[in-house]
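Trainee: generate coordinates for the sequence data below:
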Amino acid sequence: MTHLEIYQFACLSDNYGVLLHDPKTGETASIDAPEAAAVRAALDEKGWSLSHILTTHHHHDHTGGNLELKQQTGCTIVGPKAEAAKIPGIDVQLAEGDVYDFGSTTVQVFETPGHTLGQINYWFENENLLFSGDTLFSLGCGRVFEGTLDQMWSSLQKLMALPGGTVIYSGHEYTLANAAFALSIEPGNAALRARAELIKEMRAHNEPTVPTTLQLELETNPFLRPDSA
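Mentor: Purely as a prediction, here's the structure:
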């Protein structure tokens, strides 16, 4: 295991930015770049230098900082091949099944269409880490803007097949609203009720509810629970 260091920070109205740092090589990736100033502030706080931006999809609240950060740091912008024309400053285009070297580890790429047609997710198998962008959220899934519901379900099934201990970082803090919806669908789910209480408490103290784990989502997220009556 390479033991990547992770630093998550809030930005824009409800986005999360994440920095991923490899202490062995000194490389640092920003997972998406919602806004340049917030990413820069996080880098300064940690004393890290940006080497990569790993883009999940083309929406502006995930790519808004790309060009400014690239201009300032010369970082390599990685993103989905299927949306390359819409990703500002893209250098490396990745598609389903590709493996990309980051620092002293590798990341596997899943195409997860639904929210957008070309979205990709990044799975660091050795680290038990998934960056799901706007595909899978804590207690929810992304709104299907460009793809079909069938595509989104196929995408979610790909993620459901990962190990239960996989730690999942997603792009937004939506869990409180998602919990209310989940309870309306499956009020008898004791694990969900307990989790909803905890989430209420966490948000009251402005604590992030991201990351989550796949196991927790399989037990409580209605979008991953088609077998529940």
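
Trainee: spit out the contact partners of Pro88.
Mentor: Applying CB atoms under 8 Å, 6 or more residues apart in numbering to Pro88 gives the contacts 63, 66-67, 77. (C-beta placed from N, C-alpha, C; glycine too.)

Trainee: so it is in which element?
Mentor: Following DSSP states H and E, there is no helix or strand that holds Pro88.

Trainee: could you number the chain from 32 rather than 1 from now on?
Mentor: From this message on, residue numbering opens at 32, which makes the last subject Pro119.

Trainee: if we can go back for a sec, pLDDT added to the contacts of Pro119, as JSON lines?
Mentor: Shown next, in JSON lines, are the contacts of Pro119 (pLDDT from 0 to 100):
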{"residue": "Thr94", "pLDDT": "98"}
{"residue": "Asn97", "pLDDT": "98"}
{"residue": "Leu98", "pLDDT": "98"}
{"residue": "Ile108", "pLDDT": "98"}
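
Trainee: list just the nearest of the residues you listed to Ser215.
Mentor: Proximity of the contacts of Pro119 to Ser215 was ranked by CB to CB; the top entry is Thr94 with 33.2 Å.

Trainee: hmm, back to that, which one among the contacts of Pro119 gets closest to Ala208?
Mentor: Thr94 (24.2 Å).

Trainee: my guess is that closest one contacts Ile118, does it?
Mentor: Yes - when contacts are counted by CB atoms under 8 Å, Thr94 is listed as touching Ile118 (6.0 Å).

Trainee: need the overlap of contacts for the two.
Mentor: By the contact definition CB under 8 Å, 6+ apart, Thr94 and Ile118 are jointly contacted by Thr86.
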